[in-house]
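> Mind folding the following:
(chains A and B)
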Amino acid sequence: MTLFGLCKTMAELTADMFIVPVLRFQRNIFPPFSYPAGDLADWFASEGGIVTLAWIYAVNIAFAVGMTNLILVIHLERKIAARIQDRRGPMLSFRAFRELGEDLAGEAPTWRFKGNYSGIGIIQNMADGIKAITKELIIPNKADKFLFSMGPIIFISSSVFLLVLFPLSDRFAASAAPAGLMVIMAAFSIAPIGVLTSGWASNNKYSMIGGMRSAAQLMSYEIPLLLSMAGVFLLAGSYNPVDIVEQQREATWLFGLPMWNFIPQFIGFIVFMICILAEVERVPFDLPEAEAELVEGWTTEYSGIRYMLFLAAEYIRGFAGAAVATILFLGGWAGPWPVPPEIWFLLKVYLIIIFWIFIRWSVPRIRTDQILELGWKKLLPLSLINILIVIFMVEIYPYFADIVSLPEVF
Amino acid sequence: MASDRKNLGLMDIFVNPMKVTIKQFFKSTFGKPTTVMYPLEKRDPPPTYRGMNAVIWDLCIGCGICGEVCPNKCLKMKPVDLSDEEKDKSWYGSHVAKKKSKAERPAINFGHCMFCGFCEDYCPTGAMTMTDFYELADTTREALIYPARSMKVDLEESPTLPLTNFMMESPALNSETCIGCSKCVDNCPTNCIIMDEGAVNKELKSGKVRNIENPFFDYTICIGCSTCVKVCPASCLHMEPIANSSSSGLTIPVPESEA
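Got it, this is the predicted structure:
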């Protein structure tokens, strides 16, 4: 049973048991006011109403899953960063309050790990969220107020939109669009417009430079990114994530080992990983918000819930970028049997995210001229070479293999 | 510089930094990080740590040397009301039995204190101590002025240290101007002064000739606090550095009877 099928069942149940009876009851009790209610009841009883409800359920479930993952990614980043810097990071949990109370009251302590207060600091995320929500929203005096509000809307909505676009498995997907990956990349490309808008509207030179850098970064990286993805699309013959993962699941290599796309297209994999890192604006490609050079980049003038949502949207984009990399090159949700495919998918995504976190605390930020040079002079030719390799694999090698009976390698 | 830049390869910009971070990550994840969870766990300060001051009132004799040596002048001697129990326990009797109205104990403005520890070093009785308490932050400046009684500590067994003259000075008398008022005796915190027959005879208005009593100092227990110099109404006392022998540097004339 797929997620959408489940949602449809739930929608039928809720429509039959709750929504339609309530609306009909309302129509019977208040006849003079009941014409829209009566029409709504008929609509919810029909197929269209149920499908609409099912869509609402599916999108909400995908959104909740994505937001949970967002909190976990932020927490993971903080903890790993802390350990790399020989710190502890957020440490306390709800249980620690009880232990603290025990110690203060002088009672016998419960069992504790290493004698410390327990927890890995999950509630720190809630504390930060509450703090950001309760802060004042400041709009600078000379800012363009309309665009200043529009920038966050463009950036955050296009980022949250990503959450419902990628499937966690062939059965757990809010949308299974045939052109799924193209839609994801299109949604990814909207965000720099929001960045540029925010940077311009802030009326601040640092914000402006940050927005401009974001545009420059987009120009130099979008082309090799899409070209490196083209190899995968050629191999699978589809833009659909489900088809791409099925192709990787079926392909085998020596001794029947799985041949996920990063083995034949290793060059494309490297190019894609560098480009997606630039796409989600993480270190070492965080030029738009280079906190050592520009104060906080294009988010300098933002505060309160807007700033928090900017940060959250960046992590959502990071999560979505890792998910795209997993679908394209790491075999998606393919994996040995006893672990569910959704868990396999999340494991691979988190592996990439942890790798990114380690990169963040290892390497220095790249310069603006270096980013253009790397994008145009190195990554673009490499991605073209990758496409040539894939064309050889898909078209030329099988043709000659038929003629001279070569072993079927690919 | 340009040649250096060319030499940087993938190993230098990516692999070696990753090695360092991964090593440090495993070290502090499976070992113990350097930091502690501060409000819950606290690091033990080193033995010589200088934190907030505490005064063992049973040992304090109110000599005021701590205020003398304080570089920031943040320590003042404040008169306090001693309870009967405190009077009984106080060492040397302090000023309790004397004509001076009240005993004095140190009070500190920690907003000015620089924790140099001179007050602890110079205290002749070991009453001034520095604890390892370091959480002195407060919301107002006035709250950092600690009154004398707030720094009082009671020990079950007070250590009795020998009185030592850390000031390396001792009082000396000009007997020509001494009027024999015995104020120095009343105010001496260690009772090291006695009044005895002086060297000078003075003629009173009535025509009588009377011997003026002079103070004599027991330099073995003098702590050099210069209280006697401060209270002297005739300015006949001054402080002189201690030389090798305990009696040198004094200007007390030898009484005629012994000469």
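> Show me the shaky parts of chain A.
Applying pLDDT under 70 to chain A picks out residues A:31-38, A:112-116, A:118, A:405-410.
> residues from it in reach of chain B?
Counting by C-beta under 8 Å from any C-beta of the partner chain, chain A comes close to chain B at A:80, A:82-88, A:91-92, A:100, A:116-117, A:358-359, A:361-364. For glycine as for every other residue, the C-beta is placed from the backbone atoms N, C-alpha and C.
> Residue in the stretch 51-200 of chain B with the shortest distance to chain A?
B:Glu135 (16.5 Å; C-beta to the nearest C-beta).
> on that earlier part again, can you select the buried ones from the residues of chain A next to chain B in ChimeraX?
A single ChimeraX command selects the buried members of the residues of chain A next to chain B (16 or more other C-beta atoms under 10 Å in any protein chain shown):
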select /A:80,82,83,84,85,88,91,92,116,117,358,359,361,362
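> so where do the strands sit in the stretch 51-200 of chain B?
B:53-56, B:75-80, B:103-109, B:128-130, B:145-146, B:152-153, B:169-173, B:193-203 (DSSP state E, counting those that start in this stretch).
> that older thread, how many neighbours does the residue of the stretch 51-200 of chain B closest to chain A have?
B:Glu135 has 9 neighbours, counted by other C-beta atoms under 10 Å in any protein chain shown.
> Find the nearest non-adjacent residue to A:Asn162, please.
Actually, residue A:162 is Leu. It isn't Asn. A:Ala320 (4.0 Å; C-beta to C-beta, 6 or more residues apart in numbering or on different chains).
> Quick check: which ranges of the stretch 101-250 of chain B have low pLDDT?
In the stretch 101-250 of chain B, residues with pLDDT under 70: B:101, B:243-250.
> quick one: the helices in it?
B:118-122, B:183-187, B:227-231 (DSSP state H, counting those that start in this stretch).
> name the helices or strands packed onto the first one?
In terms of contacts (3 or more C-beta pairs under 8 Å, 6 or more residues apart in numbering or on different chains; DSSP states H and E), helix B:118-122 is packed against helix B:65-69, strand B:128-130.
> With distance to A:Asn125 and mean neighbour count as extra columns, can I get the ones you listed in a markdown table?
Output for the helices and strands packed on helix B:118-122, formatted as a markdown table (distance: least, C-beta to C-beta, whole Å; neighbours: other C-beta atoms under 10 Å in any protein chain shown):
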| stretch | distance to A:Asn125 | mean neighbour count |
| --- | --- | --- |
| helix B:65-69 | 51 | 21 |
| strand B:128-130 | 42 | 20 |
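> Please name the residues that touch the most centrally placed residue in chain A.
Per C-alpha atoms, centre = their mean, the C-alpha nearest to the average position across chain A is that of A:Ala320, at 2.0 Å. Counting by C-beta atoms under 8 Å, 6 or more residues apart in numbering or on different chains, A:Ala320 touches A:Ser159, A:Leu162, A:Leu163, A:Leu165, A:Phe166, A:Ile184, A:Phe188, A:Val280.
> Spatially nearest residue to the residue of chain A found nearest chain B (excluding sequence neighbours)?
Nearest to chain B, among the residues of chain A, is A:Ser362, at 3.9 Å (C-beta to the nearest C-beta). Spatial nearest neighbour of A:Ser362, chain neighbours left out: B:Pro17 (3.9 Å); criterion: C-beta to C-beta, 6+ apart.
> Can you report how many residues lie near that neighbour?
Neighbours around B:Pro17, by other C-beta under 10 Å: 17.
> Quickly find the element holding it.
helix B:16-30 (DSSP states H and E).
> cool, A:Arg249 as well?
A:Arg249 belongs to helix A:241-250, assigned by DSSP H and E.
> Export that helix to CSV, keeping only CA atoms.
Extracted C-alpha coordinates of helix A:241-250, given in CSV (Å, rounded to 0.1, in the frame of the first residue of the first chain):
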residue,chain,number,x,y,z
PRO,A,241,12.9,9.1,-9.2
VAL,A,242,11.1,5.7,-9.0
ASP,A,243,12.3,4.7,-12.4
ILE,A,244,15.9,5.9,-11.7
VAL,A,245,16.1,3.9,-8.5
GLU,A,246,14.6,0.8,-10.1
GLN,A,247,17.3,1.0,-12.8
GLN,A,248,20.0,1.1,-10.2
ARG,A,249,18.4,-1.7,-8.2
GLU,A,250,18.3,-4.0,-11.3
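> Report the buried residues of that helix.
A:Pro241, A:Val242, A:Asp243, A:Ile244, A:Val245, A:Glu246, A:Gln247, A:Gln248, A:Arg249.
> ok so, going back, I'd assumed B:Leu10 was in contact with the residue nearest to A:Ser362.
No. When contacts are counted by C-beta atoms under 8 Å, B:Pro17 is not listed as touching B:Leu10 (11.0 Å).
> On the pLDDT front, check whichever residue of the stretch 1-150 of chain B sits closest to chain A for me.
Closest residue of the stretch 1-150 of chain B to chain A, C-beta to the nearest C-beta: B:Pro17 (3.9 Å). Looking at B:Pro17, its pLDDT is 88.
> follow-up on the earlier one: looking at the helices and strands packed on helix B:118-122, spot the one closest to A:Val73.
strand B:128-130 (48.0 Å; C-beta to C-beta).
> Please state the offset of the closest one from the chain centre?
Taking C-alpha atoms, centre = their mean, to the nearest Å, the mean C-alpha location of strand B:128-130 is offset from the chain mean by 8 Å.
> Show me what that strand is in contact with.
Contacts of strand B:128-130 (C-beta under 8 Å, 6+ apart): B:49-56, B:60, B:66, B:106, B:115, B:117, B:119-120, B:153.
> Tell me which other helices or strands the helix ranked longest in chain A touches.
Criterion DSSP state H: the longest helix present in chain A is helix A:47-84. For helix A:47-84, the packing partners by 3+ C-beta pairs under 8 Å, 6+ apart come out as helix A:3-14, helix A:35-45, helix A:123-134, helix A:145-163, helix A:304-329, helix A:341-360, helix B:16-30.
> Now do the longest one: distance to the chain's middle.
The reference is to helix A:304-329. 4 Å.
> Only the buried residues of it, if you could.
Result for helix A:304-329 [16+ other C-beta under 10 Å]: buried residues A:305-329.
> Mind splitting chain B into its structural domains?
Domain assignment for chain B by automatic domain parsing gives B:53-153, B:169-241.
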